[in-house]
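Participant: Sequence below, structure please.
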Amino acid sequence: MTFTCLCRAAGCSLFLPGEFGSDSSELPPGSFMYHKRAAIPHLEQLGLPYLQVFVGLFPDTTFIPGRFGFDLPAGKAAIVGTGDEIVSPP
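Facilitator: Below you'll find the predicted structure:
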């Protein structure tokens, strides 16, 4: 029995999946952390209401100089793509 089944059996009224990082709703099968996306149809099948909260990157590891394109001492950041892409849904 999965954790979600146990929650349903216990009368849980709202399930909050562990959605840290970026949006997992469009991950292709077999990709890193696809299991997060695969859990949602299971929750829907159980009829268990859920709330996904995508918090984005972790600032304590994101803004390390040279990591993810940020160079805080120089006051610069590398922008991947054109800079016009949507980072999070409106």
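Participant: Quote the end-to-end distance of stretch 3-19.
Facilitator: The first and final residues of stretch 3-19 sit 15 Å from each other (C-alpha to C-alpha, to the nearest Å).
Participant: what's near enough to touch the residue nearest to Leu46 when sequence neighbours are not counted?
Facilitator: If you skip the residues right next to it in sequence, Leu46 has Arg8 as its closest partner in space, 4.9 Å away by C-beta to C-beta, 6 or more residues apart in numbering. Bear in mind the C-beta positions are built from the backbone N, C-alpha and C, glycine included. In this structure, Arg8 makes contact with Leu46, Gly47, Leu48, judged by C-beta atoms under 8 Å, 6 or more residues apart in numbering.
Participant: Give me the PyMOL select line for those residues, limited to the buried ones.
Facilitator: Taking 16 or more other C-beta atoms under 10 Å as the burial criterion, the selection of buried members of those in PyMOL is written as:
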select buried, resi 46+48
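Participant: Can you redo the contacts of Arg8 as CSV, where the extra columns are pLDDT, distance to Leu16 and secondary structure?
Facilitator: Rendered in CSV, the data for those read as follows (pLDDT from 0 to 100; distance: C-beta to C-beta, whole Å; DSSP: H, G, I helix; E, B strand; the rest coil):
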residue, pLDDT, distance to Leu16, secondary structure
Leu46, 91, 15, helix
Gly47, 92, 16, coil
Leu48, 92, 11, coil
